[in-house]
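# My questions concern the predicted model and sequence given below.
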Amino acid sequence: MVTKRIEEKKIKEFVKDRYGQMAKKERTTCSCCGTSALEQAKAIGYSLKELKKVPESAIMGLGCGNPVALAALKKGQTVLDLGSGGGIDVFLAANKVGEKGKVIGVDMTREMIRKAGENARRGGYENVEFRLGEIENLPLEDERVNVIISNCVINLSTDKGRVFEEAYRVLKPNGRMMISDIVTEKELPPEIRKSFSAWANCIGGALVKRDYLNAIKRAGFKDIKILDERVFLEDDMSEKIKGKILSIKVEAKKAGNRQKR
C-alpha cells in the first residue's frame, strides 16, 4: 500500500511537471501527432467558428473532444471545468452562459492557472474564474454548480473514484456532468501502466470502459450514457494497444433529491 502511494505521488508530480512545461510554451504542438494545436483542436471536434471566439493561446490541442458542444448550456448557469488547462472550454462555456452565468476552471498546475488567467484578461472575460486545486479535492463548496465539463483530464488522475465523488458533491440537484475522456477496451499491459510518459499522454491511466462507467455509478450518478465513442489514434502507439484505446463522451446526472451513497 505504501509503495502504491509513492508511485501514485510520483506519477502525479510527473504529470504536473509535464503540463506545467506545456503551459510555458507560446505555441503548442500536439505531442502525439506533431500537428499544430489549432489543427488538433479542429480534429477533435471544435469548429473554426468556436475557435475564433476564444483567445488563441487558450487553444493548446490537449483534449480528446469538445464537451461544451454537447453540454446544452443555458444562460445564467454555473459551470465547472475539471482540469481547465489554458481555458479553451471555460471560455466556450462562458460564451454560452452569458454575463449572468459563471464558469470556474480548476487545474493543479500553477502555470496553467496563470496562463488561463492571462487569456481571460486578454479576452475580456469577466464571468470566469480559475482556481488552483486537484480534481480529487475540489476547492468548491457543496452543490455549487449546474454543469460539470471535463476534457481528457480524469484519465490523468490516480484516484478516479474520488474525482467522481467530488464531482457529485459540488453538483446541484438535477445537475449534469459532460465529459470527454480516454478509456480502454481491456486492461493495458503492465509496462504501459508503469510508464510515466504514457500517463502524461493520457494512455497509462486510462481505465477499462466498464470500470470507468461503474466508478461514475458508484459516486451516485444516474442516467449514465455514452453519447459518442471512437478509436483513439496515436501515430506512435504500441501495436499492443493500437485500436484498443477509446475516446468517449459521457453524460451523467445527479438526482433531484439528495442521495445517500
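Received, thanks.

# now residue 249, what's its secondary structure?
Classification of residue 249 by DSSP: H, G, I helix; E, B strand; the rest coil places it in strand.

# and it, how far is that from residue 225?
Per C-beta to C-beta, to the nearest Å, residue 249 is found 9 Å from residue 225. For every residue, glycine as well, the C-beta is placed using N, CA and C.

# Over to residue 167?
In terms of C-beta to C-beta, residue 167 sits 16 Å off from residue 225.

# burial measure for the nearest residue to residue 134 once chain neighbours are set aside, as a count.
Closest residue to residue 134 apart from its sequence neighbours, by C-beta to C-beta, 6 or more residues apart in numbering: residue 108 at 4.9 Å. Neighbour count for residue 108, taken as other C-beta atoms under 10 Å: 21.

# show me the contacts for residue 108.
Counting by C-beta atoms under 8 Å, 6 or more residues apart in numbering, residue 108 touches 12, 16, 83, 132, 133, 134, 135.

# hmm, back to that, out of residue 167 and residue 225, which sits in the more crowded spot?
Legend: neighbour count by other C-beta under 10 Å for residue 167 and residue 225, higher for residue 167 (26 against 10).

# show me where the stretch 1-150 of the chain has helices.
Applying DSSP state H, counting those that start in this stretch to the stretch 1-150 of the chain gives helices spanning 2-24, 37-43, 48-51, 67-70, 88-97, 110-123.

# Mind giving me the packing neighbours of the fourth one?
This points to helix 67-70. helix 88-97, strand 145-151, strand 171-184, strand 245-253 (3 or more C-beta pairs under 8 Å, 6 or more residues apart in numbering; DSSP states H and E).

# Show me what counts as buried in the longest one.
This means strand 171-184. Going by neighbour count (16 or more other C-beta atoms under 10 Å), the buried part of strand 171-184 is 171, 172, 175, 176, 177, 178, 179, 180, 181, 182, 183, 184.

# so how far is the helix or strand following that strand from its chain's centroid?
Remark: after strand 171-184, the chain's next helix or strand is helix 190-193, criterion DSSP states H and E. With C-alpha atoms, centre = their mean, to the nearest Å as the basis, helix 190-193 stands 22 Å off its chain's centre.

# Same question for stretch 165-178.
Worked out by C-alpha atoms, centre = their mean, stretch 165-178 lies 15 Å from the chain centre.

# what about the stretch 51-200 of the chain, any weak spots by pLDDT?
Within the stretch 51-200 of the chain, no range satisfies pLDDT under 70.

# burial count for residue 133?
Residue 133 has 16 neighbouring residues, counting by other C-beta under 10 Å.

# quick one: contacts for it?
With C-beta under 8 Å, 6+ apart as the criterion, the residues that contact residue 133 are 106, 107, 108, 139.

# Which of those residues ranks first by neighbour count?
Neighbour tally across the contacts of residue 133 (other C-beta under 10 Å): the maximum, 30 neighbours, falls on residue 107.

# Nearest spatial neighbour of it, chain-adjacent residues omitted?
Residue nearest to residue 107 in three dimensions, not counting chain neighbours: residue 84, with 4.9 Å by C-beta to C-beta, 6+ apart.

# The one you found touches residue 116, doesn't it?
Yes: with contact defined as C-beta atoms under 8 Å, residue 84 counts as touching residue 116 (6.0 Å).

# intersection of neighbour lists for these two?
90, 105, 107, 130.

# ok, so of those, who is nearest residue 207?
Closest to residue 207 out of these is residue 107 (21.2 Å), distances taken as C-beta to C-beta.
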